[in-house]
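Novice: The sequence and its predicted three-dimensional model are supplied below.
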Amino acid sequence: MFTYILYIITIIFLLLSFVKDRKKTALALKKARNSFLAVLPQFLAILFLVGVLLTLLDSGTLQSIIGTQSGVKGMIFTSIVGSVTLVPVFTVLPIVSQLLKNGAGLMQIAVFICTLTTVGFVTMPLEIKFFGTKAALLRNILAYLFSFIVAFIIGVILT
C-alpha cells in the first residue's frame, strides 16, 4: 500500500512540474531515462549472478557462508566482498532482499551494505591521488571498522 502512495505522490509532483515548466520536466525525464539505461547493464548482471548463485547454492549452504550462524566469519566474508565491489548501491538492495529471504544473516548483510557504501578498495588509487595516502587509508580503515559496529548495533536492535 505504501508503494502505491509513493507512486501517486510522484505522479502528482511530476504533473505539477510539467504544468510549471514543460521543457525542464522533459529534460529531467530524459536525464532520468539516460541514468536508468546507464545503470541497467550492471543491475542485470548483478541480478543474473545472484540468480545463478541462489540456483547453485541451496539455502543450507548459503546460511553456512553468510547466515546468522556464520557469525563473525560470515561478516568478514561479506565485508571483503562489499569492500571490493563497485556498483551503485540501489542495484544491490533488491538482491540483498533475496539473500535475506534465502537465509542470509542480518548482521552479515548489514556489514556488506556498509562496506559497499563506505569502503572503496577499487577507488582507493583515486582517493590517494586527491587526499593523500594517509588520509585515504585512515578513512577506509575507519569506515571498515565502523561497518562492523553498525552491523552489531543493527543485530542487537533488530534481533
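Specialist: Sure thing, it's come through.

Novice: Domains in this structure, by residue range?
Specialist: 1-50, 57-159 (automatic domain parsing).

Novice: State the mean pLDDT of stretch 73-90.
Specialist: On average, the pLDDT along stretch 73-90 is 89.

Novice: Sorry, wrong one. I was asking about stretch 1-14.
Specialist: 94.

Novice: What would that stretch look like as CSV? C-alpha coordinates only.
Specialist: In CSV, the C-alpha atoms belonging to stretch 1-14 read as follows (Å, rounded to 0.1, in the frame of the first residue of the first chain):
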residue,chain,number,x,y,z
MET,A,1,0.0,0.0,0.0
PHE,A,2,2.8,2.4,0.9
THR,A,3,4.4,1.9,-2.5
TYR,A,4,1.2,2.9,-4.3
ILE,A,5,1.0,6.1,-2.1
LEU,A,6,4.6,6.9,-3.2
TYR,A,7,3.7,6.3,-6.9
ILE,A,8,0.6,8.6,-6.6
ILE,A,9,2.7,11.4,-4.9
THR,A,10,5.4,11.1,-7.5
ILE,A,11,2.8,11.3,-10.4
ILE,A,12,1.2,14.4,-8.7
PHE,A,13,4.6,16.1,-8.4
LEU,A,14,5.5,15.2,-11.9
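
Novice: what residues does that stretch touch?
Specialist: Contact with stretch 1-14 is made by T25, as judged by C-beta atoms under 8 Å, 6 or more residues apart in numbering. Any C-beta I mention is one placed from the backbone N, CA and C, and that applies to glycine too.

Novice: Quick one: the domains of the chain as CSV, columns for mean neighbour count too.
Specialist: Formatted as CSV, the domains of the chain follow (neighbours: other C-beta atoms under 10 Å):
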stretch, mean neighbour count
domain 1-50, 11
domain 57-159, 16
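
Novice: host element of the nearest residue to T123 once chain neighbours are set aside?
Specialist: Using C-beta to C-beta, 6 or more residues apart in numbering and skipping the chain neighbours, the partner closest in space to T123 is L86 (6.8 Å). Assigned by DSSP states H and E, L86 falls within no helix or strand.

Novice: give me every residue that touches L86.
Specialist: Counted by C-beta under 8 Å, 6+ apart, L86 has contacts 120, 122-123.

Novice: Include pLDDT and distance to A151 when you put the residues you listed into TSV, please.
Specialist: Output for those, formatted as TSV (pLDDT from 0 to 100; distance: C-beta to C-beta, whole Å):
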residue	pLDDT	distance to A151
G120	87	18
V122	87	21
T123	89	22
